[in-house]
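In: coordinates only, sequence not included:
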């Protein structure tokens, strides 16, 4: 059976007229007759009895009629839903992002995406950097946002911006009003950072290790928000990617550019080569809207 044959049968069965069925389907009578014959041949028997004056259904035609209605309704519904997905009028999308990005930069990008595509629902998985890569590779999500990985394998990495680490200090610290802070000066204070296997922790240890600078950790936590509050309360200092500046300020801490060394890392999107239409749309919004944060020193 083909959809064309079923539509031909349904039109004739509902109108009991080849002439009216031809008008409904915009077909010639030979084409309509050929479609009906093809359906009957494929099923193995007569569905319609046609005379010069009337058309009626055989018992087999009567039994096919409700099934044909159901099948064609399902087909049309599927076709319409797919068309809506391709035109971004309907759909669902899953994204994974490291917490520093998911909390600080992703929400504003999703606002723009929602304004453009209000019928696309988005699920956000805020997981550690390593899990972002795993979720994209296993196709649990279509887009992952993470630091540039050492190797992507079959995945593609599209940079969004280069992030630089900033010092996080208490509001009343003398360092809060410096234009820049050297690492050695920052580490004269108790240092607070994320627990392993955090990529932020690993990047700091790797880059400082190259310059033979130890990272003496006084306090550590799993959450950036906890790190920020510890600093704000005066327990010590920290260093975070600049995409966390607003979050640190909201928690009551202050941020200052770090130098000697200046530690930078690329942030971008991990994807497979093939993406759904919705994922392509979100990728475009992220490329257009996400920029490296800027830091204004308070005086």
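Out: Sure thing, it's come through. As the structure is a prediction and not an experimental result, all values here were calculated from the model.
In: quick one: contacts of stretch 113-123?
Out: When contacts are defined by Cβ atoms under 8 Å, 6 or more residues apart in numbering, stretch 113-123 is touched by residues 84, 88-95, 110, 278, 281-282, 285. C-beta coordinates here come from the backbone N, C-alpha and C atoms, glycine included.
In: could I have the buried ones of these as PyMOL selection syntax?
Out: Selection of buried members from the contacts of stretch 113-123 for PyMOL, criterion 16 or more other Cβ atoms under 10 Å:
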select buried, resi 88+90+91+93+94+95+110+278+281+282+285
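In: does residue 186 touch residue 237 like I think?
Out: Yes: taking Cβ atoms under 8 Å as the definition, residue 186 is a contact partner of residue 237 at 5.6 Å.
In: compare the two (neighbour count), which wins?
Out: residue 237 (26 against 22; other Cβ atoms under 10 Å).
In: for the nearest residue to the more buried one once chain neighbours are set aside, helix, strand, or coil?
Out: Spatially, and ignoring its direct neighbours in sequence, residue 237 is nearest to residue 189 (4.5 Å; Cβ to Cβ, 6 or more residues apart in numbering). On the three-state scheme (DSSP: H, G, I helix; E, B strand; the rest coil), residue 189 is labelled coil.
In: what's the neighbour count on residue 189?
Out: 20.
In: does the most centrally placed residue in the chain sit in a helix, a strand or a coil?
Out: Nearest to the centroid of the C-alpha atoms of the chain, with distances taken as Cα atoms, centre = their mean, sits residue 95, at 3.3 Å. Assigned with three-state DSSP, residue 95 falls in the strand class.
In: I'd like to know how many residues surround residue 236.
Out: Residue 236, neighbours per other Cβ under 10 Å, totals 20.
In: how about the contacts made by it?
Out: 189-192, 218-219, 230.
In: same check, this time on residue 142
Out: Taking Cβ under 8 Å, 6+ apart as the definition, contacts of residue 142 comprise 93-95, 136, 271-272, 275-276, 279.
In: which residue ranges of the stretch 151-299 of the chain form strands?
Out: In the stretch 151-299 of the chain, strands defined by DSSP state E, counting those that start in this stretch lie at 156-170, 181-182, 191-194, 217-221, 238-241, 253-259, 264-271, listed in chain order.
In: single out the most deeply packed of the ones you listed.
Out: strand 238-241 (a mean of 28; mean count of other Cβ atoms under 10 Å).
In: tell me the average confidence for it?
Out: Average pLDDT, strand 238-241: 94.
In: what's the pLDDT at the closest residue in space to residue 98 that isn't next to it in sequence?
Out: Excluding the flanking residues, the one nearest residue 98 by Cβ to Cβ, 6+ apart is residue 129, at 4.7 Å. Residue 129 is assigned 86 on the pLDDT scale.
In: for residue 129, give me its contacts.
Out: 98, 146-147, 198-199.
In: if we go to 10 Å?
Out: 96-101, 144-147, 149, 197-200, 202-203 (Cβ atoms under 10 Å, 6 or more residues apart in numbering).
In: one more: residue 63?
Out: 47, 57.
In: in this structure residue 94 contacts residue 138, no?
Out: No: at 11.6 Å, residue 94 and residue 138 do not qualify as touching, with contact defined as Cβ atoms under 10 Å.
In: what is the neighbour count of the residue nearest to residue 16 when sequence neighbours are not counted?
Out: Nearest non-adjacent residue to residue 16, counting by Cβ to Cβ, 6+ apart: residue 55, 4.8 Å away. Residue 55 has 18 neighbours, counted by other Cβ under 10 Å.
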